[in-house]
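> Curious how this folds, go ahead:
(chains A, B, C and D)
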Amino acid sequence: MSQETMRKRTIQNKSRKGMSVTDILLVGVLLAAGAVLKFFVGAFFTAGMKPNFIIAMYCLAILLIRPRLYEALIIGILAGVISQFFPGTPYLNLISEPVGAVVMYFLMQVPIRMEIGKITFKPVFATFIATLCSGFSFLGTLYLLFYAGANVSAMPVAVFLGIILGTATINSVIVEVLYVPVKLALGRKVTNDPVQ
Amino acid sequence: MISIRNLSYRYNKKAPLVLDNISLEIGRGEFVALVGQNGAGKTTLLKQLNGLLKPSSGSVTINGLDTATVKTSELACHIGFLFQNPDHQIFCGTVYDEIRFGLVNTRRQQELIDGRIRRIAGLLGLEGMLDRNPFTLSKGERQRVALASVLALETEILVLDEPTTGQDYKECVEIMEIVKSLNQQGKTIIMVSHDMEVVVDYCERTIVLHNGRVLEDDDTGIVLRKTESLGMAGLEPPQIIQLAQRFGPLFQDVISPEDMARAIISCAVPGGVRA
Amino acid sequence: MKQMLEYVHGNSLIHRLNPLTKLIFAVVTCVACFIGSNHLFLLGILLFTIIIAGASGILGRAAGVYKALFILGLFLMLFQLLFTPQGRILFYILPGVPVTDIGLGFSSLLMLRMMAALAPLSLMLMLTPMNELLTAMTHNLKVPYRYAFAVVTALRFIPAFSREMDQIMQAQRSRGHETDTRNPIKKIRVIIPMCIPLLISSVRKVETMAISLETRGFCTGPRSCRKKLGFTLFDILAIILVMAALPVSIIIG
Amino acid sequence: MIRFNDVSFSYENSDEMAVRNINAHIGRGEFVGIIGPSGAGKSTLLSMINGVIPHFYKGDFYGEVLVCGRDTVESTCGKLSHHVGSVFQDPESQIVSTVVEDEIAFGLENFNIPAGEIEARLAEALRMAGIEHLRHESTAALSGGQKQRVTIAAAIALRPEILVLDEPTSQLDPRGSRQVFTTLRQLNREYGITIIIVEQKVMLLSEFCSRLMVMEKGRIIMDGPTRSVLEHNDRLLELGINCPRIVTLTKLLKNASLWSGGYPVDVDEAETVVRGIMEGTHDQYQEPELSIQ
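As a prediction, this is how the structure comes out:
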């Protein structure tokens, strides 16, 4: 067939309403994988230096999807809801995970390039801070709920500080390691700078 | 080489038997097909061979090592195991590192490793891809990377769980020819397959598994004629054997189209059919 | 994944309640637990959840949840006990670490509150089929369907991914991978051959799933529902009963 | 029913055409098998029928695809799903519900179909796919073949005239694969649904399909009734496509001048061929025409 008879067709992109179906499924699948990793791989670690895979997974999701602010918030809420399905993780996650997700979103907006050679360290940095924020908001809500009005000294924050810092460190390493392979498997281009 | 005695297995005490009193001897250099329906216990039996699962009763010995007491990582030096889904094992940033992973685990000498990786890659047609990221490769290529990483361990026994699923015919033949040449070099091959044509083309011995029991165990040509057992296991004989059986004892030993054509020519031509 | 809260099939009166009733039960009792600072009240709520579990015939399965909550609560209690020096010293658990009456009272309250606040939610999830919960969320509470669907998808994949995780760990062990190390830095290196394959094979499913949904009209417009969930008289009674916990908790303080 | 008018397509981020200059027509009630080596463009071709291209996978699209008179570019995946049902390789990633009946109702609910009608269509889809007995089963407990028949039922609940399937049996055992094909034959013969299937198992295709399309490097290189395509078994082998063994046998018999008729597509027909030779009577098959592009 000759070139002249070929006509190129273009499709008008509908205005984007919320996350695409693919993005929503990606969040769901990553959170499911996070729950499974928490169960299987978490067992290798002792308390203190233990990764929190749910936080790691929504950080990864935000890195991959690049959502808008309210979409990041929704990703956080979804992570909080999933956490409710495991006994022992109280309602508190419904507050702490959205906080972590929103922090992650804002850190991705910071226009600073953090590269050494070809490797970007923004995922590490952002995950570290997001995990810290999530951890502290969890702790803050816990204190608020359990100690409000009680005339008793609370457990010192320092006890938890170590745990939160350890979790943040290990989470940031895990997200850094997972980011590139997952992005490649999704068939998305790897760019050096996460801010496009 | 491989000796399985009265092997029974259940996942836990309340669960039904997945493997029910299996006894098998597999000798050096054999090429064995393990066939049966999904859920017949094929993969469970394979996993007994390298100690991923331990017998509930009975014993499995590989080269004199009892799988119940030897660690899987130690058995990995004797028995190479290729899982069905290559994505379940690939994790490295390059194909080279992926092939190298098992070698480092089994503590091979460092200077031998590089040469061996390049040789294995050459065998599987992966030379040009050693620096590529495996996650950007096609499914067929990833399957070959997974096979390479298992072959690199140069074990005497090779266990393959459906190595050809999801591949086109050309890729399937390529992989099977490599496996065949390894068998000719003296390696023992045990393979699960649903493709009866692959079984008939490559495997000398076929074991039919059904509900955790060995239903048939004999030369491939003989087993694939046992229509009743195959039917029970949800399998059908290859087309040529099905066809040959319609003619009673006339084409008794026929396996390939070539055999069949020769047999037909020899009976048809003297009968005076126009040539 | 035994730790997961999965629906336990049954046909009791409680199973048949509207999911919203059960949700109200979970939220209201939780709120009441934080308002009411009384050991007996919290114990009462805890007992009430156990009665519900028994009445719906899932006591056996729920026992595991109670056990998990108890261990967590005990941990919390012991911890708090160590850091409450106020009050009269009862005895010493460790030399120099006293246990006081206020400490004991408060830390046991903490434990009971934690258990009583969480048990209803766990029970609710075990007594409500996922698709009913989804319908109630989207039709009655107007949660956008796509987001409710994401949650359901995640939960549905957990058992499947657990099986895959098993396969992955076995595949790596077959290649001589060993997982026993005490060094925390090495631990990260040990888990990577397990984490990456699980994530890769899970995200590879996303594309097919998305296409499969697109070709079945997912989120193309308003959505109908095959089963209507009604409120029965029993629902209304149950809601009144549960709501009663609130004023009681406020009176007790 | 389906018409490709000079269609070419290249995916985003790719310079190469995945399919090029496709001209084809598929009529009502056909049962078409598409074969070819991997990367030949088979899945791309299917994705153009259900609108996944260009609505899900973006790229450069040339020409037009008409499905039931509708231009796919002007339509959407959702609208097209009333005409084209789709089934894919991995049942795990298609099933969204925990119970079979919910799974089949899923698409109907998405299209806001009233509850009463859903009930009727649900029963109909279960009957058509022959899985009425599985209605209340949990989807996780089914065998691979059963799962795939549930996905077929879920697709036909929308009452499409066309069903496209992309390697639906690649993860199934022989029994499951045959179950799926038998269901497809029933849908095709009894309900007149047009079926287009991409498959590696040429043996099953030749037994069940009335027409085969062979693709290579983005083009349709052969297209015709199954028997006529099998004539070119040498060419197929060259392309790396497996030929049924009975075809290879017949070829050998033809070379020996023992047989000059058409090619058998299943073992029954092969038996007739061999008996014909043995008894000296040539009960030959008619050779329908074949178009080679």
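> where along chain C do the strands fall?
Ranges of strands in chain C, per DSSP state E, are C:89-94, C:97-100.
> which one of these lies closest to chain A?
Chain A lies closest to strand C:97-100 among the strands of chain C, at 9.7 Å (C-beta to the nearest C-beta). Every residue, glycine included, has its C-beta placed from N, CA and C.
> Can you show me the CA trace of the closest one as PDB?
In PDB, the C-alpha atoms belonging to strand C:97-100 read as follows (Å, rounded to 0.1, in the frame of the first residue of the first chain):
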ATOM      1  CA  VAL C  97      12.300  -0.400  88.700                       C
ATOM      2  CA  PRO C  98       9.200  -0.100  90.900                       C
ATOM      3  CA  VAL C  99       5.600  -1.000  90.100                       C
ATOM      4  CA  THR C 100       3.100   1.500  91.500                       C
END
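> what helices or strands is the longest helix belonging to chain D leaning on?
Ranked by residue count, the top helix of chain D under DSSP state H comes out as helix D:174-191. If contacts are counted by 3 or more C-beta pairs under 8 Å, 6 or more residues apart in numbering or on different chains; DSSP states H and E, helix D:174-191 sits against strand D:31-35, helix D:115-128, helix D:144-156, strand D:162-166, strand D:194-198, helix D:202-208.
> Now mean neighbour count and mean pLDDT too, for the ones you listed, in CSV please.
Shown next, in CSV, are the helices and strands packed on helix D:174-191 (neighbours: other C-beta atoms under 10 Å in any protein chain shown; pLDDT from 0 to 100):
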stretch, mean neighbour count, mean pLDDT
strand D:31-35, 25, 97
helix D:115-128, 16, 94
helix D:144-156, 26, 94
strand D:162-166, 25, 96
strand D:194-198, 24, 97
helix D:202-208, 23, 94
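> Please name whichever of the ones you listed is nearest to chain C.
Of those, nearest to chain C by C-beta to the nearest C-beta is helix D:115-128, at 4.9 Å.
> Output the closest one as CSV, restricted to C-alpha atoms.
Only the C-alpha atoms of helix D:115-128 are listed here, as CSV (Å, rounded to 0.1, in the frame of the first residue of the first chain):
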residue,chain,number,x,y,z
ALA,D,115,-30.6,-5.6,38.9
GLY,D,116,-33.5,-7.6,37.3
GLU,D,117,-31.8,-7.7,33.9
ILE,D,118,-28.4,-8.6,35.4
GLU,D,119,-30.0,-11.7,36.9
ALA,D,120,-31.3,-12.8,33.5
ARG,D,121,-28.0,-12.1,31.6
LEU,D,122,-26.0,-13.8,34.4
ALA,D,123,-28.0,-17.0,34.0
GLU,D,124,-27.7,-16.8,30.2
ALA,D,125,-23.9,-16.3,30.3
LEU,D,126,-23.5,-19.2,32.7
ARG,D,127,-25.5,-21.4,30.5
MET,D,128,-23.8,-20.4,27.3
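> Report all helices and strands that that helix contacts.
helix D:100-110, helix D:144-156, helix D:174-191.
> which stretch among the ones you listed comes nearest residue C:185?
helix D:144-156 (42.3 Å; C-beta to C-beta).
> how far is that closest one from where the chain is centred?
Centroid separation for helix D:144-156 versus its chain: 14 Å, with C-alpha atoms, centre = their mean, to the nearest Å.
> what's the answer for stretch C:61-68, then?
11 Å.
> Can that stretch be said to contact chain B?
No. Judged by C-beta under 8 Å from any C-beta of the partner chain, stretch C:61-68 stays clear of chain B, getting no closer than 15.5 Å.
> Buried residues, that stretch. List them.
C:62, C:65-66, C:68 (16 or more other C-beta atoms under 10 Å in any protein chain shown).
> pLDDT (mean, whole number) over that stretch?
Stretch C:61-68 shows a mean pLDDT of 86.
> ok, back up a step: pull the residues that contact the longest helix of chain D.
With contact meaning C-beta atoms under 8 Å, 6 or more residues apart in numbering or on different chains, helix D:174-191 is reached by B:37-38, B:194, B:196, B:234-236, D:29, D:31, D:128-130, D:143-146, D:148-149, D:152, D:156, D:163, D:165, D:168-169, D:172, D:193-195, D:197, D:201, D:204, D:207-208.
> export that helix as PDB, just CAs?
Extracted as PDB, the C-alpha positions of helix D:174-191 are listed here (Å, rounded to 0.1, in the frame of the first residue of the first chain):
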ATOM      1  CA  PRO D 174      -4.200 -30.200  28.100                       C
ATOM      2  CA  ARG D 175      -7.600 -31.000  29.700                       C
ATOM      3  CA  GLY D 176      -8.200 -27.300  30.600                       C
ATOM      4  CA  SER D 177      -7.200 -26.200  27.100                       C
ATOM      5  CA  ARG D 178      -9.600 -28.500  25.400                       C
ATOM      6  CA  GLN D 179     -12.400 -27.500  27.800                       C
ATOM      7  CA  VAL D 180     -11.800 -23.900  26.700                       C
ATOM      8  CA  PHE D 181     -11.900 -24.700  23.000                       C
ATOM      9  CA  THR D 182     -15.000 -26.800  23.400                       C
ATOM     10  CA  THR D 183     -16.700 -23.900  25.100                       C
ATOM     11  CA  LEU D 184     -15.700 -21.600  22.200                       C
ATOM     12  CA  ARG D 185     -16.900 -24.000  19.600                       C
ATOM     13  CA  GLN D 186     -20.300 -24.100  21.300                       C
ATOM     14  CA  LEU D 187     -20.500 -20.300  21.500                       C
ATOM     15  CA  ASN D 188     -19.600 -20.200  17.800                       C
ATOM     16  CA  ARG D 189     -21.900 -22.900  16.500                       C
ATOM     17  CA  GLU D 190     -24.900 -22.500  18.800                       C
ATOM     18  CA  TYR D 191     -24.900 -18.800  19.400                       C
END
